[in-house]
Every structure is written in C-alpha cells, then in structure tokens.
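[1] What follows is a predicted protein model with its sequence.
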Amino acid sequence: MPRNVVFIADADSWSGKGLIARFIQNGTDLILNSLQDDKEWEDVLVSCTAAGSKVLVTHADLCSSRDLSTMLDQAEKLLGPVDVMIHNCCTIRPTHVESCEESEFVEIMQRNAKSAFFCTQALGRRMAARGSGSIIYVSSIHNEKPTGASFAYSASQGAVKMLAHEAALFLGRFGIRVNVIEMGPIEGSDVTFQSELSGLYDDYRYKVPSALLGTDTDLAELAFFLTGEEAGYLNGADIRLDGGFLLHYMDYRMNKPAEGETRSQ
C-alpha cells in the first residue's frame, strides 16, 4: 500500500492533535501547519518518527496563495505530493450581529473561510493534475445552526460548507472526494458558546442521548475513514458528528451514565 501524505491546516488545535495521533498509527507522512515555534513540536516529532511517519512542520500563511504554493513545492520535494487535505481552522470568538467590529468579523472569516478557499484552490489544482485526492473540512453543526454567541463563526462555517459542495462538484470530475465533518459538542462547548440568547448549551452533555460528549478521537477516526478506499463513493457529504445532540427537543435530560462509566464500557 502506498504511503499517504496528509496536510493538516491547523496542527495546533484540539482537532489537530487528535488527527496527528490517529494518522501516525498507520505510518502516514504529515505536513503540519502551525503558528507555534518548531521547538514546541520536538516531542511530537520524536513520537511520529518512532511510529514510522515522516513529518514536516510548516508555518504557511493559509490566506496567501504564494505562501501556500512555496510551502507545497518544498513539501513535495521532501515528502511527495499531498494525497489528503484536512482543513480544520475553526477560530471562535464571542461576536454579536449588532456589536461586532468589522475588523473582528473579517479576521474570523479570513481565518476560517478564506483559508479554506486558498487551501482548496492550491491543493485542488495539484490533486486534479494527478487525478486523485481527498479533501476534508472539519466544520461544525453551526454551519447551519445559530450559536447565539458567535455569529461570525457560524457565518464562516456556513461559507466553508458551501465551498465544500462547490468543490465536490468541480473537483469530483478529477477523482477528488470532498466531504465535511460537522462536529458537535465537545468538553467545554458550554463555555465556548455561552449565550444570553440561546439555551442550546444549557445542560448540554445531557442533550446527547448517550450523555457522552464527542472527542478528538471520534473526529480523527471519522477523518481517517474518509481518506480510505471504503469511503470511495462518499463525495459532497455533510456528516454530522454530534451524538444526536441536535435531535434533542425535550425539556428533560437524557440518560446520565453511571459514575466512572465511559463509552467503551
């Protein structure tokens, strides 16, 4: 089986950590885009090397086509062409329609949506030239569901969702599959999306039928599946990974697990 090269757009994030851990289990070569100093990656690089993965840490400006092109040229010389692009940039800040400053709105849209466009364009062209590839956007249930806390984040994720649909239609002609993972609540989401307008995250963990929140491992396992041959007919899909959270409409809590119980038990 040929070695895959996977590009992770935001290796610093909670989702990035989970993705790295999953892909190195199979000796996948990784391009990790980071805002952190290279020294911060020393332990991770040791772990990846021990697992048989080659890793390149980059610091590209994802909103610059020139910077992306230069980075990809260098990465291809060291690791080969990118087979999988995972865009997981999800900057979230409290913003309200009536009071959000233009500069903050633009920054969030650039970080989340503009970076997705430039990554798709730069990597999509290279994948199309080879006739294969997989693109995964790590998005959110809030690409359709308002947060009541961060409208700019929701707007950016809505833009990413439509970008994914357009890309799936266009790039699919070249053998490239494009899919979206709509992530639901994880630990701390009640604080992240604290709102005076919406009670969506009140007692949020008990609105998941199993009362067990999602983790970076859940996300990474799904992303890994989407890159494989088993997902060969999945293109243009929006996969909601929320444990049934958005199905909740009742006033009472769902089942609470026994103390110490985990999903694997």
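    Good, I have the coordinates. Numbers count the residues shown, from 1 in each chain.
[2] in the protein, which segments are predicted with low confidence?
    1-3, 250-265 (pLDDT under 70).
[3] so where's the longest helix in it?
    helix 151-171 (DSSP state H).
[4] and that one, C-alpha only, in CSV?
    Extracted C-alpha coordinates of helix 151-171, given in CSV (Å, rounded to 0.1, in the frame of the first residue of the first chain):
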residue,chain,number,x,y,z
PHE,A,151,-22.4,34.8,14.5
ALA,A,152,-19.1,35.4,12.7
TYR,A,153,-18.1,31.8,13.4
SER,A,154,-21.4,30.5,12.2
ALA,A,155,-21.2,32.6,9.0
SER,A,156,-17.6,31.4,8.3
GLN,A,157,-18.7,27.7,8.8
GLY,A,158,-21.7,28.2,6.5
ALA,A,159,-19.3,29.6,3.9
VAL,A,160,-17.0,26.6,4.3
LYS,A,161,-19.9,24.2,3.9
MET,A,162,-20.9,25.7,0.5
LEU,A,163,-17.3,25.9,-0.6
ALA,A,164,-17.2,22.1,0.1
HIS,A,165,-20.3,21.5,-2.0
GLU,A,166,-18.9,23.5,-4.9
ALA,A,167,-15.5,21.8,-4.7
ALA,A,168,-17.1,18.4,-4.5
LEU,A,169,-19.0,19.1,-7.8
PHE,A,170,-16.0,20.6,-9.6
LEU,A,171,-13.1,18.5,-8.3
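[5] Show the subsequent helix or strand relative to it.
    Tracing the chain C-terminally past helix 151-171 and defining elements by DSSP states H and E, one meets strand 176-183 next.
[6] now whichever helix or strand comes after that next one: how far from the chain's centre is it?
    Counting by DSSP H and E, the element after strand 176-183 in chain order, helix or strand, is helix 189-192. With CA atoms, centre = their mean, to the nearest Å as the basis, helix 189-192 stands 18 Å off its chain's centre.
[7] can you start the count at 33 instead of 1 from here on
    OK, 33 is where the count begins now, so the last one is helix 221-224.
[8] Give the buried residues for helix 221-224.
    221, 224 (16 or more other CB atoms under 10 Å). Bear in mind the C-beta positions are built from the backbone N, C-alpha and C, glycine included.
[9] now for it, which elements pack on it?
    Using 3 or more CB pairs under 8 Å, 6 or more residues apart in numbering; DSSP states H and E as the contact criterion, no helix or strand is in contact with helix 221-224.
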